[in-house]
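Q: this one's structure only:
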């Protein structure tokens, strides 16, 4: 660690990716951990002359190539979270489409990958716990803010939206029930267009009502699923 | 600052108090600030050998006499938040009944008081901003968790609950509308007993349905006001 960094403080980022009906998280493996085969969250340090939010984005981009706005969700500071050292880490998260980013890695790391969040190995330090907290935070947010909708294509069948909610909440919904609840929000516009290339019954496509979407973000909403 | 503390890290606590239909916050004034008449949040440092959550509770109790479980809501780390020094602070908050605590102060401080949150002076550093964030967090939580109800007496008229929500959300509700929404939650049990010592029409008293309350905390709820 160089002198340019604030001591005892680190940043860790939990980048969730929704892809092929799976919820993934972006992990790295350091060269130093090659033998132990240990994955961890992309993290780093804060410069004396930079705001923590900026440090978080810089560190993430440097180590993974992903540049995205993140939300801070807490600091983790148990005494023994890092063996033989005392680090308090400030944690950030975001939800993205993995396909939108070209991953890169630094020479300190031997791997950067998207890993299924429901099938994680034991990670470095308290990183499994940090991911659990990030996931709780994300789940609370999708119930009260229309987030995640930007992960779908512009026109989509309702079932795609249901799958997005199901994988984030790690549950399954009754189709007609989900359909009626989501339509009650009046956030979607039903298109004349139908799904193409489907063998059996093709479903109507929907798009978001941008104006109503903006209004809901402004006002806050609550979405009982 | 002694060597026993982790450098560059501080803790600040936002203790909200609901009393006489007012929302207050617990502030202290340091001796050093006597001339400048500047109030600030009760804060302090983290020992190398203590978890941050523990440090937060210890610091608060040492400086104000208030011992309460707090929720962490974020770290604040803009470069210039503390003039000529670089401190990242981790912030916690709680909502209490001021009457339940006997305030005390250390020799470093000349005052410890409850101050109306809607009539704050300019505080130390970024403490006004930290309180804004805590308030946003509290407002989100009272819409999705049945918190704050423990601030009322065991039996209360509905209007008391309405006032609690109104002062936290800094708004006013239509009485019949609030009444119907709150009763729809089925969280309250209507008692035969009526308000005493009221000049005009005395209102029915209510109490919480503890079982349902526990179930709602478990499941999470959403309360559209």
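A: Yep, it's here. Because the structure is predicted, anything quoted here is derived from the model rather than measured.
Q: can you list the residues of chain A near chain B?
A: For chain A, the residues in contact with chain B (CB under 8 Å from any CB of the partner chain) are A:6-9, A:46, A:48-53, A:55, A:72-79, A:86, A:88, A:90, A:140, A:143-144, A:220, A:222-224. For the C-beta atoms, the positions are set from N, CA and C on the backbone; glycine is no exception.
Q: ok, the longest strand along chain A: who's next to it in the sheet?
A: Assignment by DSSP state E gives strand A:9-19 as the longest strand of chain A. Its sheet considered, strand A:9-19 pairs with strand A:22-30 (antiparallel), strand A:43-44 (antiparallel), strand A:88-96 (parallel) by DSSP bridges.
Q: which outside residues touch stretch A:185-205?
A: A:146, A:149, A:155-159, A:182, A:206-209, A:212-213, A:216, A:221, A:223 (CB atoms under 8 Å, 6 or more residues apart in numbering or on different chains).
Q: let's go with 7 Å and repeat that
A: A:146, A:155-159, A:182, A:206-209, A:212-213, A:216, A:223 (CB atoms under 7 Å, 6 or more residues apart in numbering or on different chains).
Q: before we move on, what about stretch A:157-175?
A: So stretch A:157-175 is contacted by A:18, A:21-23, A:118, A:138-139, A:142, A:148, A:151-152, A:178-179, A:182, A:195, A:203, A:205-206, A:225 (CB under 7 Å, 6+ apart).
Q: what residues sit buried inside it?
A: Residues of stretch A:157-175 classed as buried by neighbour count (16 or more other CB atoms under 10 Å in any protein chain shown): A:157-158, A:160-169, A:173.
Q: widest-spaced pair of those?
A: Farthest-apart pair in the buried residues of stretch A:157-175 is A:157 and A:169; separation 19.1 Å (CB to CB).
Q: look at residue A:215 and give its secondary structure.
A: helix (DSSP: H, G, I helix; E, B strand; the rest coil).
Q: repeat that for residue A:134.
A: Residue A:134 is classified as helix under three-state DSSP.
Q: how many other residues sit next to it?
A: Number of residues near residue A:134 (other CB atoms under 10 Å in any protein chain shown) recorded here: 26.
Q: list the contacts for it?
A: Contacts of residue A:134 by CB under 7 Å, 6+ apart are A:14, A:73, A:91, A:93.
Q: make it 8 Å
A: Contacts of residue A:134 by CB under 8 Å, 6+ apart are A:14, A:16, A:73, A:91, A:93.
Q: measure the residue lying farthest from the centre of chain A to residue A:144 for me?
A: Relative to the centre of chain A, and counting by CA atoms, centre = their mean, the farthest-placed residue is residue A:200 at 33.2 Å. Residue A:200 is 36 Å from residue A:144, where distance means CB to CB, to the nearest Å.
Q: output the below-cut-off pLDDT ranges for chain A.
A: Low-confidence segments of chain A, defined by pLDDT under 70: A:1-3, A:32-36, A:199, A:217, A:219-225.
Q: mind listing the helices for it?
A: If DSSP state H is used as the criterion, the helices of chain A fall at A:52-64, A:127-144, A:158-169, A:175-184, A:210-219.
Q: which one of these lies nearest to residue B:62?
A: In terms of CB to CB, the element of the helices of chain A nearest to residue B:62 is helix A:52-64, at 26.3 Å.
Q: counting contacts, what elements does that closest one pack onto?
A: In terms of contacts (3 or more CB pairs under 8 Å, 6 or more residues apart in numbering or on different chains; DSSP states H and E), helix A:52-64 is packed against strand A:9-19, strand A:22-30, strand A:43-44, strand A:71-76, strand A:88-96, strand A:109-116.
Q: do that again at 6 Å, thanks
A: strand A:9-19 (3 or more CB pairs under 6 Å, 6 or more residues apart in numbering or on different chains; DSSP states H and E).
Q: and the strand it packs on, how far out from the chain middle?
A: 7 Å (CA atoms, centre = their mean, to the nearest Å).
Q: can you tell me the closest non-neighbouring residue to residue A:124?
A: In space, and not counting its chain neighbours, residue A:124 is closest to residue A:40: 3.4 Å by CB to CB, 6 or more residues apart in numbering or on different chains.
Q: list the contacts for that neighbour?
A: Residue A:40 is in contact with A:123, A:124, A:127, counting by CB atoms under 6 Å, 6 or more residues apart in numbering or on different chains.
Q: what's the neighbour count on the second one?
A: Residue A:124 is surrounded by 19 other residues when neighbours are defined as other CB under 10 Å.
Q: what's the first-to-last distance across stretch A:73-87?
A: 17 Å (CA to CA, to the nearest Å).
Q: which residues does that stretch contact?
A: So stretch A:73-87 is in contact with A:8, A:10, A:88-91, A:93, A:125-126, A:130, A:134, A:137, B:48-49, B:51-52, B:72, B:75, B:90, going by CB under 6 Å, 6+ apart.
Q: so which bits of that stretch are buried?
A: The neighbour-count check on stretch A:73-87 (16+ other CB under 10 Å) flags A:73, A:74, A:75, A:76, A:77, A:81, A:86, A:87 as buried.
Q: quick one: the closest residue to residue A:25 other than its chain neighbours and residue A:17, what's the gap?
A: Closest residue to residue A:25 apart from its sequence neighbours, by CB to CB, 6+ apart: residue A:117 at 4.8 Å. To residue A:17, residue A:117 is 9 Å away according to CB to CB.
Q: could you list the domains of chain A?
A: According to automatic domain parsing, chain A comprises the domains A:9-144, A:149-219.
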